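Chemist: give the three-dimensional model of this entry:
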Amino acid sequence: MSEAETKIKVEINEHLREPSLFKIIYVNDNETSMEFVVESLIEIFDYAPTTAENLTVKVHEEGSAIVAVMPFEMAEQKGIEVTVSARSAGYPLQVKLEPEA
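Modeler: Residues are numbered from 1 along each chain as shown. Modelled structure (predicted):
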């Protein structure tokens, strides 16, 4: 009796793609305080106070603003952190994620 030989052919795909990036967008509302928005940008996104204040003014004046762009998993986690923090403080702040064009 002879044993059948099995050969395994492995092809390595070396074409890696960068992860898709997503925009994190804060949406203005009439209840969330500007102080909370500034604080969330500093604590969760590690912005300098001046940058956080400028972004907050943009959200307030334009109705929404992109506050960060990052891979989906990171963007989703940051969005959840902001939402949980806002709800814990009693604010209805909305955070949207959109694919970067």
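Chemist: is it correct that Glu100 is in contact with Leu21?
Modeler: Yes: if you go by CB atoms under 8 Å, Glu100 and Leu21 touch, sitting 4.2 Å apart. Just so you know, the C-beta spots here come from the backbone N, C-alpha and C atoms, and that holds for glycine as well.
Chemist: now for those two: what residues contact both?
Modeler: Contact criterion CB atoms under 8 Å, 6 or more residues apart in numbering; residues shared by Glu100 and Leu21: Val69.
Chemist: more neighbours, those two?
Modeler: Leu21 (15 against 11; other CB atoms under 10 Å).
Chemist: show me the beta-bridge partners of that one.
Modeler: Pro71 (DSSP bridges).
Chemist: next, Pro99: phi, psi?
Modeler: phi -60, psi 140 (degrees, to the nearest 10).
Chemist: which ones are touching it?
Modeler: By CB under 8 Å, 6+ apart, the neighbours of Pro99 are 20-23.
Chemist: ok, now Ser64?
Modeler: Ser64 touches 25-28, 96, counting by CB under 8 Å, 6+ apart.
Chemist: again, only using 7 Å
Modeler: 25-28 (CB atoms under 7 Å, 6 or more residues apart in numbering).
Chemist: neighbour-wise, which one of these leads?
Modeler: Tyr26 leads these on contacts (other CB under 10 Å) with 27 neighbours.
Chemist: so that residue belongs to a strand, correct?
Modeler: Yes: counting by DSSP: H, G, I helix; E, B strand; the rest coil, Tyr26 falls inside a strand.
Chemist: quick check: pLDDT value at it.
Modeler: Looking at Tyr26, its pLDDT is 98.
Chemist: good, we can wrap up now.
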